[in-house]
Structure formats: structure tokens, C-alpha cells
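Enquirer: When you get a sec, could you give me coordinates for this:
(one chain, ligands or ions: 3)
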Amino acid sequence: MTGLENTIERILWTEQQISERVSEIASQINDDFNGSSSSMVVVGVATGAFLFLADLVRKFTWPVSVDFIRVGSYGSGTESSGAPRISSDIKIDIKGKHVLVVEDIVDTGNTLTCLISHLASKGASSVSVCSFLDKPARRKVHFELVGEGKFYRGFECPDYFVVGYGMDYAELYRNLPYVGVLKPELYK
Ligand code: PRP
Ligand code: MN
Ligand code: MG
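Expert: Numbers count the residues shown, from 1 in each chain. Ligands and ions are numbered 1, 2, ... in the order given. Sure, this is the predicted structure:
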């Protein structure tokens, strides 16, 4: 297997740029949720959100609960199946709580649409979304937040299939500390 240094054609966001942007978003969330924070549940969407969530919650200035949910639609390819399934649910009771869904990327919007209605049905008093990347060029469904929920995003992503900082191609490359585009010969 080729080492990571030989797999990336182009870096879109460096480790340094990511770190600065994560700090900015976290301070925005700290300002917005100051006071209601004691009842916030951060729900990471496995697997892609694991690094972003870990970096983000360490910048929060109040204690939060953290849980994970697994919603998959891509399988091993680069195209969404359009039918996300919740294959592993949260274990924390979110009734009456403010939920912050943490995603690595919003693409078609199918995953978030499925997830938000699921979390709303469990009685969350608000559902906000914080996605590291947003790729509006690919949007197929418009998701609605719940209650006073807000949408936060790190960067707008151009229409490339990107990997790194949690994001995979065929379950690989999530461990890259930056975000980039693979060399074309690596997409099969
Ligand atoms: C990816 C990504 C988002 C979702 C976005 O997850 O992490 O969760 O797709 O796409 P959408 O807006 O078109 O629904 P994936 O299903 O690949 O699972 P993973 O996080 O385990 O890689
Ligand atoms: Mn995902
Ligand atoms: Mg994936």
C-alpha cells in the first residue's frame, strides 16, 4: 500500500487552516449557547465526524454530553445511495434537550434529513447542525432545523470527492490531518 504522502493530488484545507476554523466555529457556538448549555447533547455522525467532533468539543467552555449515531448511505463508492439507514442509535435521552448534530460534510442532504426527523421524533427541543464542510452544489433535499436550531459550517466545499479529517474513500484516508482530493488513479 502506498504511503499517505503519495496519495493526495491537491490539499484543499491544511491542518493549520482547519484548526483556526474549528476555533472560530466553537467560539460562535459558545456565544450562541451560553446559558442553555447544561442541557446540550452533541451527536456525532459516525464515522466521518469523529475528528471534527473531537476537536470541536474540546473548544467548548461548558460541559456537554456526547453521543454517536451511525447513518450510512455511501457504502464503498463515491455516490450516495439516496436511502440513508440508521444502523446504530444514540443511547442518551434527548427529550427536552438541545441537540447539536456534528457532521463532516453535507452533500445531498439525505443523511441530515433522515437524522433530523429521527431526533425530532425523540423529543429534542432544538436540533442544530454543525458540519465541517458544506457542498451545496450536490444538494438534493433541503433539511429543516428544529426549534431554535442553527446551522454552522466550517467551509463551503467545491464539487470534488474529498478525503481526510474523518472523510473516507472506501473506508480509507480518514486519518489524514488535512482535507484533499485523491490522485485520480486511486478512485476505482
Ligand atoms: C458521508 C458523510 C455524511 C454524509 C453526507 O457519510 O460523512 O455523513 O455522507 O452525504 P449526504 O448529504 O449526501 O447524505 P457516509 O454515508 O459515507 O458514512 P461515513 O461517515 O461512515 O463515511
Ligand atoms: Mn458520515
Ligand atoms: Mg463515507
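Enquirer: Return the residues of this protein in contact with ligand 2.
Expert: Proximity of the chain to ligand 2, by CB under 5 Å from the ion, involves residues 45, 48. Bear in mind the C-beta positions are built from the backbone N, C-alpha and C, glycine included.
Enquirer: repeat that for 8 Å
Expert: Within the chain, the positions near ligand 2 by CB under 8 Å from the ion are 45, 46, 47, 48, 49, 71, 72, 74, 103, 104, 105, 111.
Enquirer: Is whatever helix or strand the first one lives in in proximity to ligand 3?
Expert: The reference is to residue 45. Per DSSP states H and E, residue 45 falls inside strand 40-46. No. Using CB under 8 Å from the ion, strand 40-46 never reaches ligand 3; the gap is at least 10.1 Å.
Enquirer: Packing partners of that strand?
Expert: If you count contacts as 3 or more CB pairs under 8 Å, 6 or more residues apart in numbering; DSSP states H and E, strand 40-46 packs onto helix 50-57, strand 65-72, strand 98-106, helix 110-121.
Enquirer: and the residue in the chain positioned nearest to ligand 2, how far is that from residue 61?
Expert: The nearest approach of the chain to ligand 2 comes at residue 48, 3.5 Å away (CB to the ion). Using CB to CB, to the nearest Å, we find residue 48 at a distance of 25 Å from residue 61.
Enquirer: who does residue 67 bridge with?
Expert: residue 43 (DSSP bridges).
Enquirer: which residues touch the strand holding residue 45?
Expert: 33, 50, 53, 56-57, 62, 64-71, 88, 90, 92, 94, 97-104, 111, 115, 119, 124 (CB atoms under 8 Å, 6 or more residues apart in numbering).
Enquirer: Of the residues you listed, select the buried ones using a PyMOL command.
Expert: To isolate the buried ones among the contacts of strand 40-46 in PyMOL, judged by 16 or more other CB atoms under 10 Å, type:
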select buried, resi 33+50+53+56+57+64+65+66+68+69+71+90+94+97+98+99+100+101+102+103+104+111+115+119+124
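Enquirer: does residue 106 really touch residue 131, like I thought?
Expert: Yes. Contact criterion CB atoms under 8 Å: residue 106 and residue 131 qualify, at 4.8 Å.
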